[in-house]
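Visitor: Starting from these lines, generate the structure:
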Amino acid sequence: MWSVAAALGLSTIMLAHAWIFEAIRYGGAAYLMYLAYKSARSALSAKDAKMTSMTGSTRALFSKGLMLHLTNPKAVLFFGSLYSLGVPADSSASSLITVIVAVGAQSFLIFHGYALLFSSKAMARLYQRLRRAFESVFAVWFAAASVKVFTAKLQ
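Guide: Numbers count the residues shown, from 1 in each chain. I've put the predicted structure just below:
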């Protein structure tokens, strides 16, 4: 959805009104720092993370996942940047459709791959054993990404 929105004009709006891009960029950087803080707290916590199963109808679970993605500032920033900085302004409609389809296929494979991989009991047990190491790496990565996004010089 963010890819289509960006292809249909979000990136143009962001280029025409740089303050919108900057607001989203700073919001994304702040959100990444918040994730770094949460990951660091989790890594420093000795108590085990609760593993809960997602319950509900297929439609309700899909809606939860969709809302998570649509409210993710990193997704907005990524797709806005992809089209405003990575796709030439004079791209043809067929080129935009190709990018949308390619990004959609990649997203489908990644999201479904994660869902299948991380819904297995073996992966849940492995995560429980390595949780603190994973969360430490995530904390460092999120903090570094936040600093990089915040300090990036845009031209």
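Visitor: And the pLDDT for the closest residue to residue 69 other than its chain neighbours?
Guide: Nearest non-adjacent residue to residue 69, counting by CB to CB, 6 or more residues apart in numbering: residue 75, 5.9 Å away. Glycine gets a C-beta too; all of them are placed from N, C-alpha and C. Residue 75 is assigned a pLDDT of 76 by the prediction.
Visitor: Determine the set of other helices and strands touching the helix or strand where residue 75 lies.
Guide: Under the criterion of DSSP states H and E, residue 75 resides in helix 73-85. Here helix 73-85 touches helix 2-5, helix 11-16, helix 18-44, helix 93-118, going by 3 or more CB pairs under 8 Å, 6 or more residues apart in numbering; DSSP states H and E.
Visitor: possible to save those helices as a markdown table with mean pLDDT?
Guide: Converted to a markdown table, the helices and strands packed on helix 73-85 look like this (pLDDT from 0 to 100):
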| stretch | mean pLDDT |
| --- | --- |
| helix 2-5 | 73 |
| helix 11-16 | 68 |
| helix 18-44 | 86 |
| helix 93-118 | 87 |
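Visitor: Which one, of the ones you listed, ends up nearest to residue 148?
Guide: Closest approach to residue 148 among the helices and strands packed on helix 73-85 (CB to CB): helix 18-44, 8.4 Å.
Visitor: What are the buried residues along the closest one?
Guide: For helix 18-44, a neighbour-count test (16 or more other CB atoms under 10 Å) marks 21, 24-25, 28-29, 31-33, 35-36, 39-40, 42-43 as buried.
Visitor: picking that back up, so which of the helices and strands packed on helix 73-85 comes closest to residue 68?
Guide: helix 93-118 (10.5 Å).
Visitor: tell me the mean pLDDT over the longest helix along the chain?
Guide: Secondary structure of the chain per DSSP state H: the longest helix is helix 121-151. The average pLDDT within helix 121-151 is 89.
Visitor: Check the offset of that helix from the chain's centre.
Guide: With CA atoms, centre = their mean, to the nearest Å as the basis, helix 121-151 stands 14 Å off its chain's centre.
Visitor: thinking residue 61 is in contact with residue 54, fair?
Guide: Yes. Between residue 61 and residue 54 there is a contact under CB atoms under 8 Å: 5.7 Å.
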